[in-house]
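*Asks:* The following comprises the amino acid sequence and a computationally predicted model.
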Amino acid sequence: MEKDKNTLIWIAIAVIVAIFVLGSFGMGGYGMMGFGVGFGFLFMLLFWGLIIWLIVTLINASQSSKTESEDSLTILKKRYASGEITKKHYEEMKKELVRK
């Protein structure tokens, strides 16, 4: 699902770039004379796209680390509930997981 979001973001960026570069929007109608302005805009979009991608990646990485610790506690609870570990082992492992 995360891969789908990233793909949609890159497609949207590509469409916007294509509209501005090929459609000569924002160039005052000068066509090829304003072509350099289009490339400046392209690099600006790439820069901001990179910044946004970096922020999204960092947010997703921080959320996935939180999910891992919650998953570990869930697994531990299931092992204790099934009788695989004793209460003493459960408490020790829970302290270790909460500490991380």
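*Replies:* Cool, got the structure.
*Asks:* hey, let's count contacts and neighbours off CA atoms from now on
*Replies:* OK.
*Asks:* Which neighbouring elements make contact with the helix or strand hosting residue 41?
*Replies:* Assigned by DSSP states H and E, residue 41 belongs to helix 35-81. Counting contacts by 3 or more CA pairs under 8 Å, 6 or more residues apart in numbering; DSSP states H and E, helix 35-81 packs against helix 2-22, helix 87-99.
*Asks:* helices or strands next to the last one in the packing?
*Replies:* The elements that helix 87-99 packs onto, with contact taken as 3+ CA pairs under 8 Å, 6+ apart, are helix 35-81.
*Asks:* Report how many residues lie close to the closest residue to residue 76 other than its chain neighbours.
*Replies:* Leaving aside its chain neighbours, residue 76 sits nearest to residue 90 (7.0 Å; criterion: CA to CA, 6 or more residues apart in numbering). By other CA atoms under 10 Å, the residues close to residue 90 number 18.
*Asks:* next one: residue 76
*Replies:* Neighbourhood size, residue 76 [other CA under 10 Å]: 20.
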